[in-house]
Every structure is written in structure tokens, then in C-alpha cells.
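**Student:** Have a look at this fold, sequence not included:
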């Protein structure tokens, strides 16, 4: 399912982007329905896609049984697509039925590499999320 | 042996040439010179100039050498001109090359492109008044569209015997746009008007650019179906450009295809100007009317821009009206040049591209209309 | 034939007038159509917002209906509370959320993912800040859904 720019505009994480930049992202995105219990990313697998939560609740589980839960529209799954060594660090599972926006990791990476301004904006946000998650601190709650 | 030698000498170009060939060869050399030394439309004037040389080397009739002999190589190549293949393919390349953003950002400027097409119809009337047959008059009138491929396309359909002079006149005047237009622009506008700056156009989204060729094609061709061969290719080329996923095709259309066709078109149109069919009183009339049509088209665009300013809150620079005479992108460049002569900080080129491109669409519609009126 | 007579004879005036009118009409219509494209696209792009607005109006009208659906959700959560308490007591605290889901599935809880998600949303299960989870000791004070 293709994605409309209005949908991207509604996401806080991408709110600062210019219209043209949003258009570039939109052209890469696909909307995907997920069902309860569906595994979206598996820890250790190559990070082939980047996901943005559009609706529904998700759990990302890490080593030693640690996990965080994602409940907000705009939450990100699969930051590893743009961070070496490009393997998923967590297993993301849908806790409820929902929808995610997916983007092929390679395309996302090349888009970021090709546009320094866009790269700067997106990487700042992704780094913020990674630093929040790295010690497996707070659950993102409503 | 002596007889054989004499026969050979009598068959050489030197023996067969007369003053008309010399005149045409001189014109060909002037074209090549203007293209190379003065950079006047070199991509067109050099092939046409050399084509004139090819077409005016005196040859035996019946050997299958001349362009008008049915079994000659040049005749087969010329088929692309008379059948309208080359103009359509050139429009494909123009479409794949052109960014319609400025036109989409300020669609009101399209009216200037429409106004400048008045030149076509006034010249048509002028040609009728000078005694040309209606089909010939229509073919001459289209010179005012300042669009070489369109002029060739319509002449090929309505008056194939006039393609040579019409094409040469159209391309000559297009090359001379920087000489013809500025005096008219200065004459019809005040300094205050030429100093008007234009608002920054809004950013046009990718989706708009993608939808435009489809809507533009359907709308224009439903109104004037006879414009289908030209506008169909123009908008198709633009769709290839904007859809991104067919970039290879767009690339081919805007480079190898248009370049190949330009060579063939230029060369064969040049070669069609054989002295015996070109140096006629009719050609003189065509050249005079062609010049008049450029002047009328430019003036119509300028005056209509001034007329629009009577109603617009944010005034437009009337110089933009001169860009309505297709001649992409030369007339837009001339607008920029004249505008900057008054105020070096005034950048009109981007804005002038809107009437310039709509002029291409307008002249193709005009050609379609004349073809449908007289083609039967 | 020359001059105005030639023009009239060949119907030139009509052709010229009609021709220029059609060119103008074509380009005027095209410019009008082009001017609308971005407006239509804007509406299309923001259709989610418009649909939401309409839904909100609809929701207000059907407030009573939604209260009854909250009630059924609350019953589902209350049913899961005791089941999860037993499992958490067995696992010890802080506990691993993926493990709790696995155990719940093993012990036959229907829709373990969404049920435990409901418990998180209702505030029964809270994160400890280190990647594990705790049973909320103040579960009596939790505002039930």
C-alpha cells in the first residue's frame, strides 16, 4: 500500500522536514498491516527495513529478556538500518493489530547519504532514539 | 577519350552550377558561420546549413541523388519530415527535457503563451491577402508560433512543397530571436514596467508534476484532437521524465533520440532548399511574412501582459509576454536579458519559462486547429 | 485574388477568429485545471485529518456506545489480572515481558499479546527503567479502563 504525504506530515518525528524532503521519504514508504503477535524484525538479522509505527502497540525485546514497548504513532523500529553493523539489535513484535510504514533500508540509507541536509535532520532524531533505548531505559508510554 | 573527358566535365557540379546554386551555397555557409561563430542555435543552423550545401550541389536528374527523386537516400530520410515523424519525436525529446514547474506554479502566465499565438492567425490572414492559397497561408502563419517542429509538421501536412522555405524561415527567425525581439519589447513597454519584479513561485510537488502531463494531454487533445501527434509526444515525454521509474527512457528521449532526429531533420530540411524550388518569389513572401509573424506574436504577448496587469493585484512584468512565442528557451533568455539590462538584480528567466512552454503547447494547438480546418 | 477579398473568399476571418478563440479556450481551461491540481492534492493528502474530524463528531454523538465497549475491555483486563499475578509471582520481579507473554501463551491465555498490552496501558504492568517490568504495587489505585 503506498503512503500519502499527509500521513507522513502527521508524524511528529518527521514534522521538521520540508515538503520536498517529505515527498522523497513518501516515495520510499509502504504502509503495512500487522497482526497481534507478528514478528516485524528479528534480533541479529540483517536490518533490511526501517519501520515507523502508524497505529497499534509494539514490543522490542533485547538480550537477557529485556524489552521496551512502543505505543505512539511515529515511534521507530529498526534504527539499525542506518547504524553499523546494520543488524537488528532487537526483535520487534506487534502486541496488537496495527499498521507500520516500512521503508527499504538500502533506499533509506542512500537517500540519507545523497542529501546532507535531510541526513542531518533524520540522523539527529534517530541518534536521540538510540541514546534513549541503548540502556533499555524507560518504556515509551502514552 | 576526349569525348569521355568532355562528358565528365559537363557532368561536374562546376559545369552545371548557375547563380542560384551559388546563392544557396552562400546562404548555407552563412548558416554554418552563424551557428559556429555567433552561436545562433548551432544545433539547428549547422545541420540545416550543411543540408543546404548538400541540397545545392548540382546533380544529374534521374541518378537518384536529389532529395526530390523518389529513390534517393535523401528522399527516404526526408520522409520523416513530410510524414511528421521527426517533429513528433522532437516533441518527445522536448517533453522529456522540460520542467513544467514554473508553469504549474503560476498557471495564469499560460495566457501569455495563448496571446502570442495571435501572430499565427494574423500572419495567416496576411498570407491570404498576399494571394497564397489557404493551405499555404496556414503553413506560413504557423511560423509565428516560433516553433520549428510545429511549422515543419503543419507544412508537411498542408503544403509539403513549401517545407524548405518555411523551415528555413522559422529556424532563421528563431535563431534571430535575440535580435528581433528586444527592440519590440523596448518599444511596447515603459522602463517602470520592465523594472517590475516577480514574486517567488511556490514549490511544486512531485505529484503535481506527475499528474500534469496526463491532464494536460487529455484536455488539450480533447479540445484540438489534431494536435495529438505533437502534444501526445510532448506530454508523454514529460511523463517519462517526471515518473522517475522510466528514467532510462526519458534519458534516451532527451538525448540520443532528439539529437538523432535533429540531425536528420536539420540536414534534410536544409537539403530540401534546392535552388530551383527555393529561390522563388513565394519564398521571398514567406520570409517577409515570417518576420512579420514574429513581430506580431511578440507584440501580442507583450500587450496582453499589459492588459492582464489592469486586472491583477500583483502586477506581472510585461516582458514575460514576449516569451509566449515558443522558441524555447531563447525567447525566455531574451526576456531575462532585457529585464536585467534595466535592473541587474531582476531574474525573470524562471518566470519567463511558463509562457515560453505554454507557447509551445499553444502553437501545437494552433497547428492542430489549422490542420483540422484545412486538412480535408 | 489578393487583399481583403482573398481573406473573405477563403473564410479567413472566421478561421482566424475561431482559431485564436480555441487556442485561448484550451490554454485557459488548462490553466484553470492546473491551478486546481495542488488544491485537490492538498485535500487528498490531508484526508486522514478530515476523516478524523468527521469521526470525532460521530464519536461525540455515540458516547454512550463507546462507554459500553470500555466496560467490556475493563472486564477483559480484570480477568487477566489474576492470571498474570500468578505467573509474575512464579517468575519473580522484576520480570521479563517477553517471558511473561510466552508463559501466558503456554498457560492458555487467549490473545496474550494484546491482553498484556492492555495491562500495560491500564497501568498494572510498569517498566523498571532497565528493560524489565514490575507489577504495580498500587494496583488498587489504578483507574480502571
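**Tutor:** Looks like it arrived, so ask away. This structure is a prediction, so every number in the text was calculated from the model and none was measured.

**Student:** What parts of the stretch 101-250 of chain B come near chain A?
**Tutor:** B:203, B:205-207, B:244 (Cβ under 8 Å from any Cβ of the partner chain). For the C-beta atoms, the positions are set from N, CA and C on the backbone; glycine is no exception.

**Student:** make it 6 Å
**Tutor:** By Cβ under 6 Å from any Cβ of the partner chain, the residues of the stretch 101-250 of chain B that approach chain A are residue B:206.

**Student:** can you give me the strands in the stretch 101-250 of chain B?
**Tutor:** Per DSSP state E, counting those that start in this stretch, the stretch 101-250 of chain B carries no strands over any range.

**Student:** can you tell me the residue of it closest to chain A?
**Tutor:** residue B:206 (5.1 Å; Cβ to the nearest Cβ).

**Student:** Let me know whether that residue touches residue A:23 as I believe.
**Tutor:** Yes. Under the criterion of Cβ atoms under 6 Å, residue B:206 makes contact with residue A:23 at 5.1 Å.

**Student:** ok, now which ones touch residue B:338?
**Tutor:** By Cβ atoms under 6 Å, 6 or more residues apart in numbering or on different chains, the residues touching residue B:338 are B:182, B:185, B:319.

**Student:** gap between it and chain C?
**Tutor:** 24 Å (Cβ to the nearest Cβ, to the nearest Å).

**Student:** What parts of chain A come near chain B?
**Tutor:** Residues of chain A lying close to chain B by Cβ under 6 Å from any Cβ are residue A:23.

**Student:** and the residue of chain A most remote from its centre, what is it in contact with?
**Tutor:** Seen from the C-alpha centroid of chain A, the residue lying at the greatest distance (Cα atoms, centre = their mean) is residue A:64, 22.7 Å away. Going by Cβ under 6 Å, 6+ apart, residue A:64 touches no other residue.

**Student:** Confirm that it sits in a helix.
**Tutor:** Yes. Membership of residue A:64 in a helix is supported by DSSP: H, G, I helix; E, B strand; the rest coil.

**Student:** Do you know the pLDDT at it?
**Tutor:** Per-residue confidence (pLDDT) for residue A:64: 81.

**Student:** Residue nearest the middle of chain C, spatially speaking?
**Tutor:** Centre-most residue of chain C, counting by Cα atoms, centre = their mean: residue C:48, 6.7 Å.

**Student:** helix or strand for that one, which one?
**Tutor:** helix C:47-61 (DSSP states H and E).

**Student:** Work out the gap between that helix and the centre of the chain.
**Tutor:** 11 Å (Cα atoms, centre = their mean, to the nearest Å).

**Student:** same question, stretch B:53-62
**Tutor:** 27 Å.

**Student:** Now for the residue of the stretch 101-250 of chain B closest to chain A, how many residues are close by?
**Tutor:** When neighbours are defined as other Cβ atoms under 10 Å in any protein chain shown, residue B:206 has 17 of them.

**Student:** quick one, what contacts it?
**Tutor:** Taking Cβ under 6 Å, 6+ apart as the definition, contacts of residue B:206 comprise residue A:23.

**Student:** What are the boundaries of the strands in chain C?
**Tutor:** C:125-127, C:133-135 (DSSP state E).

**Student:** which residues touch the last one?
**Tutor:** Yep, that's strand C:133-135 we're talking about. C:88, C:93-95, C:97, C:125-128.

**Student:** List only buried entries from these.
**Tutor:** Taking 16 or more other Cβ atoms under 10 Å in any protein chain shown as the criterion, what is buried in those is C:88, C:94-95, C:97, C:125-128.

**Student:** From the residues you listed, pick the one nearest residue B:79.
**Tutor:** Residue B:79 lies nearest to residue C:97 out of the buried ones among the contacts of strand C:133-135, by Cβ to Cβ, at 76.5 Å.

**Student:** Distance check, the closest one against residue C:81.
**Tutor:** Distance of residue C:97 to residue C:81, given as Cβ to Cβ, to the nearest Å: 16 Å.

**Student:** What separation do you get for residue A:21 and residue B:90?
**Tutor:** When Cβ to Cβ is applied, the distance between residue A:21 and residue B:90 equals 35 Å.

**Student:** So for the two, which residue has more residues nearby?
**Tutor:** residue B:90 (25 against 18).

**Student:** name the element the more buried one belongs to?
**Tutor:** Applying DSSP H and E, one finds residue B:90 within helix B:85-97.

**Student:** Please apply the same query to residue B:261.
**Tutor:** helix B:258-271.

**Student:** List the buried residues of the helix or strand following that helix.
**Tutor:** Using DSSP H and E, the helix or strand that directly follows helix B:258-271 along the chain is helix B:275-278. Across helix B:275-278, burial judged by 16+ other Cβ under 10 Å covers B:275, B:277-278.

**Student:** swap in stretch B:75-86?
**Tutor:** Buried residues in stretch B:75-86 (16+ other Cβ under 10 Å): B:75, B:77-78, B:80-82, B:84-86.

**Student:** Also stretch B:123-139?
**Tutor:** So, applying 16+ other Cβ under 10 Å, buried residues of stretch B:123-139: B:123-130, B:132, B:134-139.

**Student:** what's the answer for stretch A:73-86, then?
**Tutor:** A:73-83.

**Student:** how close does residue B:51 sit to residue B:274?
**Tutor:** Taken as Cβ to Cβ, the span from residue B:51 to residue B:274 is 11 Å.

**Student:** Those two - which one has more neighbours?
**Tutor:** Counted by other Cβ under 10 Å, residue B:51 and residue B:274 do not tie: residue B:51 has more neighbours, with 28 against 22.

**Student:** where's that one relative to chain C, distance?
**Tutor:** From residue B:51 to chain C the distance is 31 Å (Cβ to the nearest Cβ).

**Student:** nearest spatial neighbour of that residue, skipping sequence neighbours?
**Tutor:** Distance criterion Cβ to Cβ, 6 or more residues apart in numbering or on different chains; nearest residue to residue B:51, sequence neighbours excluded, is residue B:270 at 1.9 Å.

**Student:** Could you list which of the buried residues of stretch B:123-139 also contact chain C?
**Tutor:** The subset of the buried residues of stretch B:123-139 within reach of chain C, by Cβ under 6 Å from any Cβ, is B:124-125, B:128-129, B:134.

**Student:** Okay then, goodbye and thanks.
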